[in-house]
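Engineer: With the input below, show me the fold.
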Amino acid sequence: VYPQAIAIASTWEPELVKKMAEQTAREARALNITHLYSPNLDVISGDPRYGRVEESYGEDPYLVSRMGVAFVQGAQGMGKEQFDENHVMATAKHFVGYPENRRGINGGFSDMSERRLREVYLPPFEAVVREAKIGCIMPGHQDFNGVPCHMNTWLLKDVLREELGFDGFIVSDNNDVGRLQTMHYITDTRAEAAILGLKAGVDMDLVLGKPLEAYAYHKTVLKDTLQQNPQLVKYVDRAVSRILTAKHKLGLFGSDLKEAKTDTIVSTRAHQEFAYEMAKKAIVLLKNENNLLPLDMSKIGSLAVIGPNATEERPANGTYSLLGGYSGLPPFYVSVLDGIKAKVGDDVKINYAKGCDLLDNSKEGFPQAIAAAKNSDAVILVVGGSRKTGGEGVDRSSLDLYGVQNELVEAIHKTGKPVIVVLINGRPL
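Structural biologist: The predicted model follows:
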């Protein structure tokens, strides 16, 4: 598992992103996957309470552009290598202005001037279209100045295709063509929603984990409408043409499904080591008062490791919440606590206490945490957030540490022991 995008951006090294995307593409092809729903090119300059900060490369349009181009070039390849057997088709999302949502709510409406659109949110998409020849674009859930992105002809046709020169296909975000009816309340029927999406240029209706009743581009929805109005068939033909063109570019016609090569390509030792190197470069030292770091192990006999983010058990289902949203389950996982134990061995005594849970207000664990701090020469305090407090659909009403973490930090600080705070979080705090 590679670091989240917001962490990768902290490396300021696009070449790392390109190599990561190359490795990801090779692993995807080994699993017969040819289309990725990445990269996320949202510029996070709107409301920081919005949950999907971790998925983007940050608040600077130039940095997001450079990282996005690197990802697309690595994933898709360039020149004669583009879309070959070692590369896949990437998807730039969410077009466009998605983080500008009002109230900090995922999918909330965006309202902005055209100047802000062009100076802040559009540059990364322009860069991947013109420099990296992106194959696919995904619109955002939201409406843009009152018009939902999935039916916004000005955005998808006039700006994206005619102005920027995009010639690939457009895939909806999950169930968003249908949501023209069920979320935006633009239409009375799914058939009407489907026609609006097709006319605007949304070529593929992505519907994951939903029943058939949620589909929009389906014969049960469109058949009668198309038979009654044959003039609409041209929009279906256009969408199908773009999708088939993408499949042709990827070499899928006449190809056989290959046996998955999980043992030789997926999660190889070389890829794991590179992910580890990326993660180390992504760590940000916020401050180092009195040059407390690095700790001199020769002068420390005991070390307290405290906090709700210090360790996490391997989940029975899903993945580790501390890895953030849309993370796979890695073959192995080293928590802060486990890593420190492995680093110091028997030379330093480790006093661990959780202190509190991330999601409740109980202070029952405070006495144990305070005792651990008092009985140690220094404290490593691991707080912040997780997938439970951030990610898609997990928006916040404030930027404070969740639960009673602030009180835990204050209690440990009052012990007078040297404290190193490790923040694991995917959004501003």
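
Engineer: doesn't G178 make contact with M151?
Structural biologist: No: between M151 and G178 there is no contact under CB atoms under 8 Å: 11.9 Å. C-beta coordinates here come from the backbone N, C-alpha and C atoms, glycine included.

Engineer: Identify the residue nearest A282 in space, chain neighbours excluded?
Structural biologist: A7 (3.8 Å; CB to CB, 6 or more residues apart in numbering).

Engineer: wait, what's in contact with the one you found?
Structural biologist: E54, A279, A282 (CB atoms under 8 Å, 6 or more residues apart in numbering).

Engineer: and after the helix or strand encompassing it, which helix or strand comes next?
Structural biologist: Using DSSP states H and E, A7 falls within helix 5-9. Per DSSP H and E, helix 5-9 leads on to helix 14-30 as the next helix or strand towards the C-terminus.

Engineer: Check which helices and strands whichever helix or strand comes after that next one is in contact with.
Structural biologist: Note on helix 14-30: by DSSP H and E, the next helix or strand toward the C-terminus is helix 61-76. With contacts taken as 3 or more CB pairs under 8 Å, 6 or more residues apart in numbering; DSSP states H and E, helix 61-76 sits against helix 5-9, helix 14-30, helix 123-130.

Engineer: so the helix or strand just after helix 61-76 versus helix 61-76, what angle?
Structural biologist: Sequence-wise, the next helix or strand downstream of helix 61-76 (DSSP H and E) is strand 91-95. With axes from the mean of the first three to the mean of the last three CA atoms, to 10 degrees defining the directions, strand 91-95 sits at 150 degrees from helix 61-76.

Engineer: Now strand 91-95: average pLDDT?
Structural biologist: In this model, strand 91-95 has an average pLDDT of 97.

Engineer: which outside residues touch the helix or strand just after it?
Structural biologist: Note on strand 91-95: by DSSP H and E, the next helix or strand toward the C-terminus is helix 114-116. For helix 114-116, the external contacting residues (CB under 8 Å, 6+ apart) are E100.

Engineer: before we move on, what SS does the residue nearest to D176 when sequence neighbours are not counted have?
Structural biologist: Nearest non-adjacent residue to D176, counting by CB to CB, 6+ apart: H150, 4.9 Å away. Judged by DSSP: H, G, I helix; E, B strand; the rest coil, the three-state class of H150 is helix.

Engineer: so what's H150 up against?
Structural biologist: P139, S172, D173, D176, V177, R179, L180, L196, G197, A200, V202.

Engineer: do A246 as well
Structural biologist: Counting by CB under 8 Å, 6+ apart, A246 has contacts H35, M89, G135, C136, G168, F169.

Engineer: N375: how many residues sit nearby?
Structural biologist: The tally of other residues near N375 (other CB atoms under 10 Å) stands at 13.

Engineer: Please name the residues that touch it.
Structural biologist: S302, A304, N351.

Engineer: can we see that at 7 Å?
Structural biologist: Going by CB atoms under 7 Å, 6 or more residues apart in numbering, N375 touches S302, N351.

Engineer: Do you know the pLDDT at it?
Structural biologist: Predicted confidence (pLDDT) for N375: 98.

Engineer: Please apply the same query to the one 10 residues further on.
Structural biologist: Confidence at G385, expressed as pLDDT, is 95.

Engineer: Wait, it touches P428, no?
Structural biologist: No: judged on CB atoms under 7 Å, G385 makes no contact with P428 at a distance of 10.4 Å.

Engineer: Looking at the two now, which is surrounded by more residues?
Structural biologist: Shown here are G385 and P428; by other CB under 10 Å, G385 has more neighbours (27 against 11).

Engineer: The residue lying closest to the more buried one once chain neighbours are set aside and L408, how far apart?
Structural biologist: Nearest residue to G385, sequence neighbours excluded (CB to CB, 6+ apart): N425, at 4.3 Å. Distance of N425 to L408, computed by CB to CB, to the nearest Å: 15 Å.

Engineer: Just want to know which of the two has more residues nearby.
Structural biologist: L408 (25 against 21).

Engineer: how near is the more buried one to V147?
Structural biologist: Taken as CB to CB, the span from L408 to V147 is 46 Å.

Engineer: same thing with R161?
Structural biologist: 17 Å.

Engineer: With V53 instead?
Structural biologist: For V53 relative to V147 (CB to CB), the value is 25 Å.

Engineer: out of those two, which sits in the more crowded spot?
Structural biologist: The neighbour count for V53 versus V147, taken as other CB under 10 Å, is higher for V53 (24 against 15).

Engineer: Enumerate every residue touching the closest residue to that one other than its chain neighbours.
Structural biologist: For V53, ignoring the flanking residues on the chain, the nearest one in space by CB to CB, 6+ apart is R427 at 4.0 Å. By CB under 7 Å, 6+ apart, the contact set of R427 is P48, V53, E54, G385, G390.

Engineer: Show me which of the residues you listed is closest to S267.
Structural biologist: E54 (21.8 Å; CB to CB).

Engineer: And for the closest residue in space to that closest one that isn't next to it in sequence, the neighbour number?
Structural biologist: Leaving aside its sequence neighbours, E54 sits nearest to G426 (CB to CB, 6+ apart; 2.9 Å). G426: 26 surrounding residues under other CB under 10 Å.

Engineer: same thing with V266?
Structural biologist: There are 16 residues near V266, going by other CB under 10 Å.

Engineer: pLDDT score for the residue nearest to G74 when sequence neighbours are not counted?
Structural biologist: Closest residue in space to G74, ignoring its immediate chain neighbours: A21 at 3.0 Å, by CB to CB, 6+ apart. With respect to pLDDT, A21 scores 98.

Engineer: try K261
Structural biologist: For K261, pLDDT reads 65.

Engineer: likewise R102?
Structural biologist: 73.

Engineer: Let me see the contact set for the residue lying closest to it once chain neighbours are set aside.
Structural biologist: Nearest residue to R102, sequence neighbours excluded (CB to CB, 6+ apart): G108, at 5.4 Å. Contact analysis of G108 by CB under 7 Å, 6+ apart lists N101, R102, Q142.

Engineer: got a pLDDT number for G108?
Structural biologist: In this model, G108 carries a pLDDT of 84.
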